[in-house]
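*Asks:* heads up, no residue letters with this:
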């Protein structure tokens, strides 16, 4: 810029370091001083309590999230006293079988991080390989960058992340997406939190072949399968949300169903529970539909009978053996 | 004198103010995003006032939630065109508006040569005037050394 011939009104002589960076954490000595104050002000405590109440089981995941939240609260206190100037690395990997609650927990995580002020907007952008990797040369970088820009200020959730890396095809564009991802994960750490999710064994193989990615992820959370008791409680919650309930004997039948269904292939924990309940609702509907002249009470319409569950294919197979 | 006394072109918002710092630019972007605007980055080496359409740097950015995304794109553009004019524009897609509603320059070349007045003799002692941008005197590849 050419030197101005006169002073622009309102302009001050430039002093070194005058413009403060809006993103730099500044020692705020008037801020919260106790854990309780942080929790009250950020409402993260409420989100953690919700997590505790709404999600069945998942004890190791919950305790890990509590640990992370505690670290974030303490970091917040430290920052208020000007003790720490940089944001901790918050990228995570969620591994576990299908239907173990990875996406649900990621959504809650976004809320917790937003409540504590570690992401500015707290939205969740869920993507898979198709959203990141292009189809021809020069297509991948803009596509990945667009997704990253949309996720800025929030959480980027990459489902089935191991599909990004295809070792069998050396010209696969997935590697390019990983490189851009790595660069942004490192440089924009305070703008964006990346959560990679997928099945345990394939994620492990993925991290082994991309050590740079693994080392940039601070928190590896493993989601265990639900035991039958937890699945039953999940079923209760699902039915309650839809204003249904189990009729006499139906809950026991459903428990038996779960025990028989779990060892079969393609069992997807909570997702299988939801699908089974949806099918039970279908059967209930056609059972009621057959009674064309009956006047139904609210009770009739919201009860899943034992026969609705027992009609499942799972019981037939077992009976045949 | 066609050039203004500060020797800087004045186009779009904030152009009479000192250059905005990155923090101030993020605040402006944040304001636009809160109004639901889509930001885009454009650059040019010809600041002629009639040069309305500058080159687009990437596509307009829809569905963004945070200023960091636009700032990232701006950093890429500054890296690629450090000696060009770069401006940020906000597009309002509201039905009935559907046009650019914010625009301001975020990067300038170190030297801004300004504009000259050209006179052309026309029949019958008529004089025609036009504004010429000195920045375009040299071929495109040799501008902004």
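*Replies:* Received it, and whenever you're ready, just let me know what you need. Note that the structure is a prediction, hence the values are computed from the model and not measured.
*Asks:* Could you use CA atoms for every contact and neighbour count after this?
*Replies:* Fine.
*Asks:* Report how many residues lie close to residue A:206.
*Replies:* Neighbour count for residue A:206, taken as other CA atoms under 10 Å in any protein chain shown: 21.
*Asks:* and what of the one 10 residues further on?
*Replies:* Counted with other CA under 10 Å, the burial measure for residue A:216 works out to 15 neighbours.
*Asks:* wait, doesn't it sit right on residue A:91?
*Replies:* Yes: applying CA atoms under 8 Å, one finds residue A:216 in contact with residue A:91, separated by 7.2 Å.
*Asks:* Residues that sit against both of those two, list them.
*Replies:* Listed contacts common to residue A:216 and residue A:91 are residue A:185; contacts here mean CA atoms under 8 Å, 6 or more residues apart in numbering or on different chains.
*Asks:* So what's the residue count around the nearest residue to residue A:244 once chain neighbours are set aside?
*Replies:* Once flanking residues are discounted, residue A:244 sits nearest to residue A:302: 4.5 Å by CA to CA, 6 or more residues apart in numbering or on different chains. Look at residue A:302: counted by other CA under 10 Å, it has 18 neighbours.
*Asks:* Which residues are in contact with residue A:302?
*Replies:* Taking CA under 8 Å, 6+ apart, we find residue A:302 in contact with A:243-245.
*Asks:* Which of these sits closest to chain B?
*Replies:* residue A:243 (35.2 Å; CA to the nearest CA).
*Asks:* How is the closest one assigned, secondary-structure-wise?
*Replies:* At residue A:243 the chain is in coil, as set by DSSP: H, G, I helix; E, B strand; the rest coil.
*Asks:* count of residues packed around it?
*Replies:* Look at residue A:243: counted by other CA under 10 Å, it has 11 neighbours.
*Asks:* State the phi and psi torsions of it.
*Replies:* Backbone geometry at residue A:243, expressed as degrees, to the nearest 10, gives phi 60, psi 40.
*Asks:* With adjacent residues omitted, what lies nearest to it?
*Replies:* residue A:302 (6.4 Å).
*Asks:* Roughly how far does that neighbour sit from residue A:191?
*Replies:* 46 Å (CA to CA, to the nearest Å).
*Asks:* Residue A:300 now?
*Replies:* 52 Å.
*Asks:* Compare these two (neighbour count), which wins?
*Replies:* Ranked by neighbour count (other CA under 10 Å), residue A:300 and residue A:191 place residue A:191 first, with 24 against 14.
*Asks:* Do a quick rundown of the strands in the chain.
*Replies:* Chain wasn't specified; assuming chain A. A:92-96, A:124-127, A:155-158, A:193-198, A:219-223, A:245-246, A:303-304 (DSSP state E).
*Asks:* meant chain B actually
*Replies:* Secondary structure of chain B (DSSP E): strands at B:38-44, B:55-61, B:85-92, B:99-107, B:115-122, B:126-133.
*Asks:* could those be laid out in a markdown table, adding mean pLDDT, distance to residue A:137 and mean neighbour count?
*Replies:* Shown next, in a markdown table, are the strands of chain B (pLDDT from 0 to 100; distance: least, CA to CA, whole Å; neighbours: other CA atoms under 10 Å in any protein chain shown):
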| stretch | mean pLDDT | distance to residue A:137 | mean neighbour count |
| --- | --- | --- | --- |
| strand B:38-44 | 95 | 23 | 22 |
| strand B:55-61 | 93 | 16 | 15 |
| strand B:85-92 | 96 | 27 | 22 |
| strand B:99-107 | 95 | 30 | 18 |
| strand B:115-122 | 92 | 42 | 12 |
| strand B:126-133 | 94 | 38 | 12 |
